[in-house]
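*Asks:* next comes the sequence, and after it the predicted model I'd like to discuss.
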Amino acid sequence: MRTTQRRATGHRTHHPHPEGTDPMPLEAGLLEILACPACHAPLNDRTAAETPELICTGEDCGLAYPVRDGIPVLLVDEARRPA
């Protein structure tokens with residue numbers, strides 16, 4: 001499990017996976033039914049990366065949605081724009 005700390009503002013800070021722990025992969029069936037909330041394209045599973053996220057496969061979209069504590073956060077406001 002990742003460590004979660006609260007800042008004075010009340011917002012949570014998520015830290016990368018502590019040494020010796022692996023991110024929890026998403027269930028295969030879950031990934032099949034999830035889609036990008038912005039464009040409805042399928043998502044690529046990058047939860048094994050240092051920063052776990054689901055990447056939109058849409059050519060014009062490409063948003064990267066964070067996965068926190070094994071739970072996909074499929075909110076456009078929380079997504080990272082492609083580089």
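*Replies:* That came through fine.

*Asks:* which SS class is the nearest residue to L34 once chain neighbours are set aside?
*Replies:* Nearest residue to L34 in three dimensions, chain neighbours excluded: L43, at 5.4 Å (CB to CB, 6 or more residues apart in numbering). From N, CA and C alone the C-beta is placed, and that goes for glycine too. Following DSSP: H, G, I helix; E, B strand; the rest coil, we place L43 in the strand state.

*Asks:* contact partners for L43?
*Replies:* Contact partners of L43, counting by CB atoms under 8 Å, 6 or more residues apart in numbering, are 31, 34-36, 54-57, 65.

*Asks:* give me phi/psi at L30?
*Replies:* Backbone torsions for L30, taken as degrees, to the nearest 10, come to phi -70, psi -50.

*Asks:* now it: how far from P66?
*Replies:* In this view, L30 and P66 are 16 Å apart by CB to CB, to the nearest Å.

*Asks:* out of these two, which sits in the busier spot?
*Replies:* Between L30 and P66, P66 has the larger neighbour count (other CB atoms under 10 Å), namely 17 against 11.

*Asks:* hey, what's the residue nearest to L34 bridged with?
*Replies:* As for beta bridges, L43 partners with C56 under DSSP bridges.
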